[in-house]
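Engineer: Sequence and predicted model, in that order:
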Amino acid sequence: MDSAKNQIYIDAYYKTNQNHVKWSFWASLTALAFGLIVLVVGIGLALAGSNTAISTTTAAAGVLTQFISAGFFFIYSKNLKQLNLFYEKLIRNQETLFAFGLVGHISEAERPGVIQAIIGALLSRNGPSIEITPALINALANAKQSGGRP
């Protein structure tokens, strides 16, 4: 898959999930507003001297709806974090594919050094820089062949 097509898929994925998160936010906000209205009506009925059972039930329903909307907002927050996490991983994957795609445009003599630099950069994305040496590559290959971890 080429880089441009990959970017189109990443953008489509991001827009779909962004739309989902937007709807989640508006559903949470709607539930919050509805619960607040019901709660205010219940309190208003109680202050107006209406039937105690009706006003208490209405106020309790408003409080319950507020808790439900809080749950919606919690889920919205989790969805937003997950969206950003997955999108970041997709971008990293695209960068990796792009870097290895560019290796084909480098002269044959320079290619092994560039590949080692790319592997080192990939392995050290989340930590300290790692220099890839032939000894390290052999150790990783031997560990993989023996079924162990390096």
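Structural biologist: Received, thanks. The structure presented is a predicted model; accordingly, all values stated were derived computationally and were not measured.
Engineer: need the longest helix for this structure.
Structural biologist: In the chain, with assignment by DSSP state H, the single longest helix is helix 52-103.
Engineer: Stretch 103-113: how far from the chain's middle?
Structural biologist: Chain-centre distance of stretch 103-113: 35 Å, with C-alpha atoms, centre = their mean, to the nearest Å.
Engineer: nope, stretch 49-67 is what I meant
Structural biologist: With C-alpha atoms, centre = their mean as the basis, stretch 49-67 stands 38 Å off its chain's centre.
Engineer: Next, the buried residues of it.
Structural biologist: Using 16 or more other C-beta atoms under 10 Å as the test for burial, stretch 49-67 gives 55, 58, 59, 61, 62, 65, 66. Yep, even glycine has a C-beta here, placed from its N, CA and C like the rest.
Engineer: would you list the residues you listed in TSV and tack on pLDDT and distance to residue 28?
Structural biologist: As requested, the buried residues of stretch 49-67 are exported to TSV (pLDDT from 0 to 100; distance: C-beta to C-beta, whole Å):
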residue	pLDDT	distance to residue 28
55	82	27
58	86	22
59	85	21
61	88	18
62	86	16
65	88	11
66	87	11
